[in-house]
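Undergrad: just the structure for this:
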Amino acid sequence: MRDTIELIAVASGAACVAGLVLAVVALVGTRRPPGRRPGAGPGLARLWQGSGSTPGERRAHQALLVGAAAAGALAFLLTGLPVVGLLVAVAVPGTPWLFNVGRAEQRAIARIEAVGEWTRRLKDVSATGQGLQQSIIGTVGTAPEEIEEEVRLLAARLQAGWLARSALLAFADEIGDPVADQVVAALILHLTDRGERLGDVLGSIAGAAAAEVATRREVEAKRTQPRFAVRFLTGMTLATIAYGLLNTEYIRPYGTPAGQVVMAALGAAFVGLLAWVRSMSQPQRPARFLPAPDPEEAVA
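TA: Next comes the predicted model:
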């Protein structure tokens, strides 16, 4: 009877830990990268490849996963407790995810500011009498660093024979912000009516982009306190795990199957709390109004 109870306890603990790992993967999980290998399972491929857009970012993500597996195995060898090993393995990729809270929004603000700068430069180039497509190509050399790759790709598509509307929609989709949608919408309208007030429209959009940047930075400053709470809780968690690894007496009560179940439940609850606090410090993603580009209509 006792063996049966212990077996049930171990199975329950394993289920709790599996739920914890899946929850973290779902929270940190990333979109499917381009060029996924045929035959690879979508969940495993997404977890292994990560969300990096460059080979270097993907290699760094894979190195982090390998480090997580090694750290978890080492923690298990030091303590003899499987749940501790799994918690350490989850903590390795989870720690930068928690400490880097707010970085995505800061990058988004910088990209909005870059879109405003590029819009002003496009206005100046188009004022010289060049056509819209030539004006866009002419801004490649002076595009802000934050959107330089997107501008180069836009110019390359136009030179490769893409329809201007499809190339502009793809550009807006890659930027992924309503401010860029406003710029692209004005350029697409200009393609149809060939109006003479494009410079005025681009100037007003650039001014609106500057105002949007100022507003978002003000809101970002107000989110400092909850983000500090996320980093503080993360630091305390790491300190507790490190103390438990160095002082096995501290975690000895969790050495039984029932203790492992309790540890798994407490770990899942704490990870959920950290994820919830982190979500409170994140702004809602602004809604876009332009559609995604249609690949079939890209080339004339």
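
Undergrad: can you check the pLDDT for A167?
TA: A167 is assigned 90 on the pLDDT scale.

Undergrad: so it lies in a strand, does it not?
TA: No: read with DSSP: H, G, I helix; E, B strand; the rest coil, A167 is helix and lies in no strand.

Undergrad: does it touch R157 like I think?
TA: Yes: counting by C-beta atoms under 8 Å, R157 is a contact partner of A167 at 4.1 Å. Backbone N, C-alpha and C define where each C-beta goes, glycine included.

Undergrad: of these two, who's got more company?
TA: Using other C-beta atoms under 10 Å, the more surrounded residue of A167 and R157 is A167, with 25 against 21.

Undergrad: from L198, how far out is the more buried one?
TA: 17 Å (C-beta to C-beta, to the nearest Å).

Undergrad: next: Q225.
TA: Counting by C-beta to C-beta, the gap from Q225 to L198 is 44 Å.

Undergrad: same check, this time on V151
TA: Relative to L198, V151 is positioned 18 Å away (C-beta to C-beta).

Undergrad: what about the two, which has more around it?
TA: Counted by other C-beta under 10 Å, V151 and L198 do not tie: V151 has more neighbours, with 25 against 20.

Undergrad: nearest residue to the more buried one in space, please, no chain neighbours.
TA: A143 (3.9 Å; C-beta to C-beta, 6 or more residues apart in numbering).

Undergrad: contact partners for that neighbour?
TA: 114, 118, 121, 151-152 (C-beta atoms under 8 Å, 6 or more residues apart in numbering).

Undergrad: need the max-distance pair from the residues you listed.
TA: Greatest spatial distance in the contacts of A143: R121 and R152, 14.1 Å, computed using C-beta to C-beta.

Undergrad: quick one, which of those two is more surrounded?
TA: R121 (20 against 14).

Undergrad: show me which positions of the helix or strand containing that one end up buried.
TA: Element membership for R121 (DSSP states H and E) is helix 103-126. Neighbour-count burial for helix 103-126, counted by 16 or more other C-beta atoms under 10 Å, picks out 105, 108-109, 111-126.
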